[in-house]
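Peer 1: Build me a structure from this.
(chains A and B)
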Amino acid sequence: MKKKQVLVALGIGFVVFMLATVLALMPINGADDLAANAVLRITPGYEPWANHGYQPAVIVAALIMGLQAGIGMFVGVLLVMWYRNRKQHKAADANAAPPGN
Amino acid sequence: MHIMEGYLPASHAALWTAAAVPFVGIGLARTAKRVKNESMDVVAFGAVAAFTFVLSALKIPSVGGSSSHPVGVTLGSVLVGASVMPVITFAVLLFQALFIAHGGLSTLGANCFAMGVVGAYASAFAYLGLKRVGAGRNVRIFVAALAANVGTYATTSFQLGLAFPDQTGGVLSSFFTFLAIFAPSQLPLMVVEGLFTVLVVRAMPLGADPAPCSPERVV
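Peer 2: Numbers count the residues shown, from 1 in each chain, chains lettered A, B, ... in the order given. Here you go, the predicted structure:
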């Protein structure tokens, strides 16, 4: 794996980290919340019987989502590059092999 | 989309968990076997898992002022086979339930069944069906992503409709109510996910066809 490829993967991962964090911070109702509201509208009096026990602060949740996306993108891009390099090496080896082998 | 913690009655949560567990178990066993006998590329598996984490973390705003997440299972269904996806989806959903309070442990089985089982198999069968009629690879992948999203949000709507039937219209009316809630955010996301999946598959030089998506590896 070339150093330049690792830096490219890091760069893409960082951009995705920023993007996912900003998106998570946008004050927009999620479809999940809308569905939960509909449950309460259809079945008045329903009380969720389980809860998370803790609710991370908005900024903490956004950063975790950003890290999830950023690290995932970094690893994913790195593996795609590795896959491509390996494929190219195999093709080069096959071309270099003498006839009959 | 996730059903939030505690938003399925305990009996329904248990039912969907029981439905999802065999798929996760079989997926684990098949993954281990295929890695061992080298019929699955571990690099492709790693890339698929990584991109599933990426897509499920993107909260994308959509029309109507709501937001949602791509389901992210299509890439895996096409590259490594649908039977592997319940395992990856379970890991992603568990991470989100534990660390960012998205979804929940009580609804993990229901969410895993909708995304990792119905979504993954819907995309794989759409892909294989289009292959049979001779559609191009990019079209197959794009439509597979649409099928994964439709399959997932229809299943989630059914799960909620079954648990919370409308007092006058029953399960069917409630099912359509939830479909109408998910549709505005999920429809544009299908297109985003479809394009992203096509781009990633194109970046992985697999030849004319992603070989792993063959019927014997789907089921």
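Peer 1: quick one: contacts for residue 40?
Peer 2: Looking at chain A here, since you left the chain open. residue A:46 (Cβ atoms under 8 Å, 6 or more residues apart in numbering or on different chains). Heads up, the C-betas are built off the backbone N, CA and C, glycines and all.
Peer 1: Oops, wrong one, chain B.
Peer 2: Per Cβ under 8 Å, 6+ apart, neighbours of residue B:40: B:31, B:34, B:80-81, B:84, B:212.
Peer 1: what do you get if the cut-off is 7 Å, keeping everything else the same?
Peer 2: Neighbour list for residue B:40: B:34, B:80 [criterion: Cβ atoms under 7 Å, 6 or more residues apart in numbering or on different chains].
Peer 1: any idea of the pLDDT on it?
Peer 2: Here, the pLDDT recorded for residue B:40 equals 71.
Peer 1: same thing with residue A:20?
Peer 2: Value for residue A:20, per-residue pLDDT: 93.
Peer 1: ok but it is inside a strand, no?
Peer 2: No. Checked against DSSP: H, G, I helix; E, B strand; the rest coil, residue A:20 lies outside a strand; its state is helix.
Peer 1: Test my guess that it contacts residue A:69.
Peer 2: Yes. Residue A:20 is within contact range of residue A:69, at 3.6 Å (criterion: Cβ atoms under 7 Å).
Peer 1: Give the residues shared as contacts by these two.
Peer 2: Residues touching both residue A:20 and residue A:69 by Cβ under 7 Å, 6+ apart: B:57-58.
Peer 1: of all of chain B, which residue lies closest to chain A?
Peer 2: residue B:6 (2.8 Å; Cβ to the nearest Cβ).
Peer 1: Can you get me a residue count around that residue?
Peer 2: 20 (other Cβ atoms under 10 Å in any protein chain shown).
Peer 1: Alpha carbons of stretch A:14-28, as PDB, please.
Peer 2: C-alpha atoms of stretch A:14-28 as PDB (Å, rounded to 0.1, in the frame of the first residue of the first chain):
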ATOM      1  CA  PHE A  14     -12.100  13.000   7.100                       C
ATOM      2  CA  VAL A  15     -14.400  14.700   4.600                       C
ATOM      3  CA  VAL A  16     -17.100  12.000   5.300                       C
ATOM      4  CA  PHE A  17     -16.600  12.400   9.100                       C
ATOM      5  CA  MET A  18     -17.200  16.200   8.800                       C
ATOM      6  CA  LEU A  19     -20.200  15.600   6.500                       C
ATOM      7  CA  ALA A  20     -21.800  13.000   8.700                       C
ATOM      8  CA  THR A  21     -21.300  15.100  11.800                       C
ATOM      9  CA  VAL A  22     -22.900  18.200  10.300                       C
ATOM     10  CA  LEU A  23     -25.800  16.200   8.900                       C
ATOM     11  CA  ALA A  24     -26.400  14.600  12.300                       C
ATOM     12  CA  LEU A  25     -26.400  18.100  13.900                       C
ATOM     13  CA  MET A  26     -29.100  19.500  11.600                       C
ATOM     14  CA  PRO A  27     -32.300  20.100  13.500                       C
ATOM     15  CA  ILE A  28     -34.500  17.900  11.300                       C
END
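Peer 1: can you list contacts of that stretch?
Peer 2: Contacts of stretch A:14-28 (Cβ under 7 Å, 6+ apart): A:58, A:61-63, A:65-67, A:69-70, A:73, B:54, B:57-61, B:65-67.
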